[in-house]
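> I'll drop the sequence and a predicted model, then ask my questions.
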Amino acid sequence: MTRKTGNLILIGMITGAVLGAIGGYYLPEFFFKISFLGTVFLNALKMIVVPLIVASMIMGVTSLGDIRKLGKTAGYTFLFYLTTTGLSVFVGLIMVNLLRPGIGVEQLGTDVSDIVAKGQGKTLIDVVVGLIPENIIDAAARADILPLIFFSLLFGAILTSIGEKGKPVVAFFEAINLVIMKMVTIIIYFAPIGVLAIIGEIVARERDSVQDLLSRLGMYTLTVILALLVHALITLPLLLRFIAKRRPFGYFKNMGEALATAFTTASSSATLPLTMDLVEERNKVDSRAASFVLPLGATINMDGTAMYEAVAAIFIAQVYGIDLSIGQQVVIFLTATLASIGAAGIPHAGTVMMVFVLTAVDLPLEGIGFIWAIDWFLDRCRTTVNVWGDSVGAAVVGSTKEFTSYTAASDKIEPSQPNE
């Protein structure tokens, strides 16, 4: 896809989002009828996630050449994600303590007891056990991403150890990866229509919650968005500029379609095919780094979500008139940061994380109902930040000496270049 075509698609997606928001509010019945177009677009993206993750992870590992590089690359990746998640939570805690959005808010909310119950009883140990599936085909059918990543890493690592006999298998997965990326290009041509239908249907369904957005939840929503903007426009660009030596504005501009898709779908996994395409093709990040870092990021990197959970916990405490100590807020910081990785493989991950955080400081779980009315909107905002963080992580890890000093490992890979 040429840059000009990509820009036209991005303009189409933005136009579709604006028209969908307006149309969904004033013509809800029409957008309910055409909502199937959004479902088709979203299903097309989800359809290629599993083969893309398996093929790209295996290619990422095998292209490292020296298997010892796998441990260092994994270490850099986890360190980056843990650091940025911690920074995002810290920003969120500062913002919610300064603005105090929960003061004076009436204790009203939606009953979400069934959803909360799904999170209770879950532990990080359950997530660790879930990394080893009984049946990898069943995990793929359920789109359970963490087990697929673990299997692909192990498969790729062993594949590099069998020498010449493994080359046909490597070529097979390389071909799959190329085919999937071509499919991404075809699917994204239909993005403007998909965005129009998805946003229109969401607004039509949630139009009654607009009053909550503008009244009692307005300050809370503003607090979350401001905190997300600080992380997305200051923290991550600084890391991109000074560690990866990239131009933040150009890099961000090149990720436009992926970020728009993340906002529309509220899914890092569904956005993954487009994220990988833009990071590799337009931002020229080493494909070995992108193939390794981005699938992991779509699953475990939840900067925006972790920040949101911390802000929401303090907001709920303020609504109930509970004055949290510095020690309790440190507990919230640690819980939100660590749970963001562990909760990724659990259904309703955001709610499960909220249960972890609230339970850690003995806050009432029914407080989740206060923020449920506007969660559909903030979910899209935090997912967009998550995807932006993933793409920055790929550039940062791709700038390490494991990649910049080892380009001879693959003649097909060009070294990373700064954006023009």
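Cool, the structure landed.
> count of neighbours near A227?
Neighbourhood size, A227 [other CB atoms under 10 Å]: 27. C-betas here are computed from N, CA, C, even on glycine.
> Following element in sequence after the helix or strand hosting it, please.
Assigned by DSSP states H and E, A227 belongs to helix 218-230. Using DSSP H and E, the helix or strand that follows helix 218-230 in sequence is helix 236-242.
> and after that following helix, which helix or strand comes next?
helix 248-254.
> and the helix holding A227, what other elements does it pack with?
With contacts defined as 3 or more CB pairs under 8 Å, 6 or more residues apart in numbering; DSSP states H and E, the packing partners of helix 218-230 are helix 68-99, helix 303-319, helix 368-398.
> Turn the ones you listed into CSV, including mean pLDDT and mean neighbour count.
Shown next, in CSV, are the helices and strands packed on helix 218-230 (pLDDT from 0 to 100; neighbours: other CB atoms under 10 Å):
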stretch, mean pLDDT, mean neighbour count
helix 68-99, 89, 19
helix 303-319, 91, 28
helix 368-398, 89, 25
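> which one of these lies closest to V49?
helix 368-398 (13.6 Å; CB to CB).
> got the angle between that closest one and helix 218-230?
Orientation check (axes from the mean of the first three to the mean of the last three CA atoms, to 10 degrees): helix 368-398 against helix 218-230 gives 10 degrees.
> now helix 368-398 and helix 303-319, what's the angle there?
Interaxial angle, helix 368-398 versus helix 303-319 (the same axes, to 10 degrees): 150 degrees.
> For helix 368-398, what is the distance to the chain centroid?
Mean-position distance between helix 368-398 and its chain equals 6 Å (CA atoms, centre = their mean, to the nearest Å).
> just stretch 264-276 next, same as before
For stretch 264-276 - counting by CA atoms, centre = their mean - the centre lies 7 Å from the chain centre.
> Make 417 the first number, not 1, from now on.
OK, 417 is where the count begins now, so the last one is stretch 680-692.
> rewinding a little: which residues does the helix holding A643 contact?
Applying CB atoms under 8 Å, 6 or more residues apart in numbering, the set of residues contacting helix 634-646 from outside is 504, 507-508, 511-512, 515, 517-518, 521, 629, 720, 723-724, 727-728, 731, 787, 790, 793-794, 797-798, 801.
> Would you mind getting the angle between it and helix 484-515?
Using the same axes, to 10 degrees: helix 634-646 against helix 484-515 is 140 degrees.
> Put the alpha carbons of helix 634-646 into CSV.
Presented in CSV, the C-alpha positions along helix 634-646 are these (Å, rounded to 0.1, in the frame of the first residue of the first chain):
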residue,chain,number,x,y,z
GLY,A,634,-17.8,14.2,32.9
MET,A,635,-14.9,15.1,35.3
TYR,A,636,-13.9,11.4,35.7
THR,A,637,-13.8,11.0,31.9
LEU,A,638,-11.8,14.2,31.5
THR,A,639,-9.3,12.9,34.1
VAL,A,640,-8.8,9.6,32.3
ILE,A,641,-8.4,11.2,28.9
LEU,A,642,-5.9,13.8,30.2
ALA,A,643,-3.8,11.1,31.8
LEU,A,644,-3.9,9.0,28.7
LEU,A,645,-2.8,12.0,26.6
VAL,A,646,0.1,12.8,28.9
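> Tell me how confident the model is about that helix, as a mean pLDDT.
The pLDDT scores in helix 634-646 average 93.
> rewinding a little: let's have the helices and strands packed on helix 634-646 in TSV, adding distance to G572.
Below are the helices and strands packed on helix 634-646 laid out as TSV (distance: least, CB to CB, whole Å):
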stretch	distance to G572
helix 484-515	8
helix 719-735	27
helix 784-814	17
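> mind checking which of those helices is nearest D693?
Nearest of those (CB to CB): helix 784-814, 11.2 Å.
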